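Participant: Need the 3D shape of this:
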Amino acid sequence: MRTIRTTDGKWLQIDPKTDPWIFKTPHSSVRASLDYRQGEDLYLRTLPDGIHYYYVISWTDWQRESKEAYRTLSEEEAKDFLIKKAQSAGKIGLDPDILDRIEKYFPGLLKKRR
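Facilitator: Predicted coordinates:
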């Protein structure tokens, strides 16, 4: 568990181990001393009262050290994040598992934008 501040100034407890992810950048398991990797992962936190919070973990791995930064997104910002990730994937496209997750949480989002 970790506590982060939301854009509206509230404190939010998150747990990337149990909160459902919507988008994940592949984390390489191979570590080389000069290897540099970075990515962003989008998660959803649903409070007991049904309020949804989206948050991004921006991470960097460099020379066996990892750094993470957390920020919350509005629903519109989460949609924009996903559209940008889909556009940057280009012709290769997104992994089918990620496409399934996006469709589950934002039905039709990527189909509308094509």
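
Participant: C-alpha only now, for contacts and for neighbours.
Facilitator: Noted.

Participant: Touching, H52 and Y43? I think so.
Facilitator: No: the criterion here is Cα atoms under 8 Å, and H52 misses it with Y43 at 10.3 Å.

Participant: So which of the two has more stuff around it?
Facilitator: Y43 (23 against 13; other Cα atoms under 10 Å).

Participant: residues contacting the residue nearest to the more buried one when sequence neighbours are not counted?
Facilitator: In space, and not counting its chain neighbours, Y43 is closest to W21: 4.2 Å by Cα to Cα, 6 or more residues apart in numbering. Going by Cα atoms under 8 Å, 6 or more residues apart in numbering, W21 touches D41, L42, Y43, L44, R101.

Participant: mind listing the strands in the protein by residue range?
Facilitator: 2-5, 11-14, 21-23, 36-46, 52-62, 65-73 (DSSP state E).

Participant: Output those strands in a markdown table; the columns should cover distance to S88 and mean pLDDT.
Facilitator: Output for the strands of the chain, formatted as a markdown table (distance: least, Cα to Cα, whole Å; pLDDT from 0 to 100):
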| stretch | distance to S88 | mean pLDDT |
| --- | --- | --- |
| strand 2-5 | 28 | 94 |
| strand 11-14 | 27 | 96 |
| strand 21-23 | 13 | 97 |
| strand 36-46 | 13 | 90 |
| strand 52-62 | 17 | 92 |
| strand 65-73 | 19 | 90 |
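
Participant: Out of the ones you listed, flag the one nearest I92.
Facilitator: strand 21-23 (16.1 Å; Cα to Cα).

Participant: Partner strands of that closest one and their direction?
Facilitator: Next to strand 21-23 in the sheet, as set by DSSP bridges, lie strand 36-46 (antiparallel).
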